[in-house]
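[1] Task: produce atomic coordinates for the following.
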Amino acid sequence: MSRRVGGSDDNGCQASHERRRRWLAGAHELAQILLAEVDLHQAMGVVSERLAAISGAEAAIVALVDHGDPKTLVCEAVGGIDMAHWVGVRSPRRGLLVLCV
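    Next up is the predicted model:
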């Protein structure tokens, strides 16, 4: 099977490489943030912002399990488009995707 030089296969490979590079750089940055002694809410804000940017998503939400009710998630941070109204929203762990969609 031949491969065209400079064709769409190269563009796809380059885009894949760039996406992989962004994810690795982002994962490294997030690991450094989470390993440092920082405020949990501040760290979750950075995580959500970076996840939205790295993935190319319009927004990202970080939801943690509620220690008082393990069947419930609480939105701790949001990143990307204006979604501040989600912070503090509680949701059952089961069916979370339906709530978000």
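[2] Please give the element, helix or strand, for residue 24.
    Using DSSP states H and E, residue 24 sits within helix 8-35.
[3] err, residue 51, not the other one
    helix 40-55.
[4] So what's the residue count around residue 63?
    21 (other C-beta atoms under 10 Å). Just so you know, the C-beta spots here come from the backbone N, C-alpha and C atoms, and that holds for glycine as well.
[5] so who does it touch?
    Listed by C-beta atoms under 8 Å, 6 or more residues apart in numbering, the contact partners of residue 63 are 73-76, 91, 96.
[6] Quick check, pLDDT for residue 18.
    Looking at residue 18, its pLDDT is 83.
[7] Same question for residue 9.
    pLDDT at residue 9 comes out at 65.
[8] Next: residue 27.
    81.
[9] same question, residue 54
    Predicted confidence (pLDDT) for residue 54: 81.
[10] Excluding chain neighbours, give the residue nearest to it in space.
    Once flanking residues are discounted, residue 54 sits nearest to residue 26: 3.9 Å by C-beta to C-beta, 6 or more residues apart in numbering.
[11] What is the burial count for that neighbour?
    Residues lying near residue 26 (other C-beta under 10 Å) number 16.
[12] right, and it touches residue 47 too?
    No: when contacts are counted by C-beta atoms under 8 Å, residue 26 is not listed as touching residue 47 (9.7 Å).
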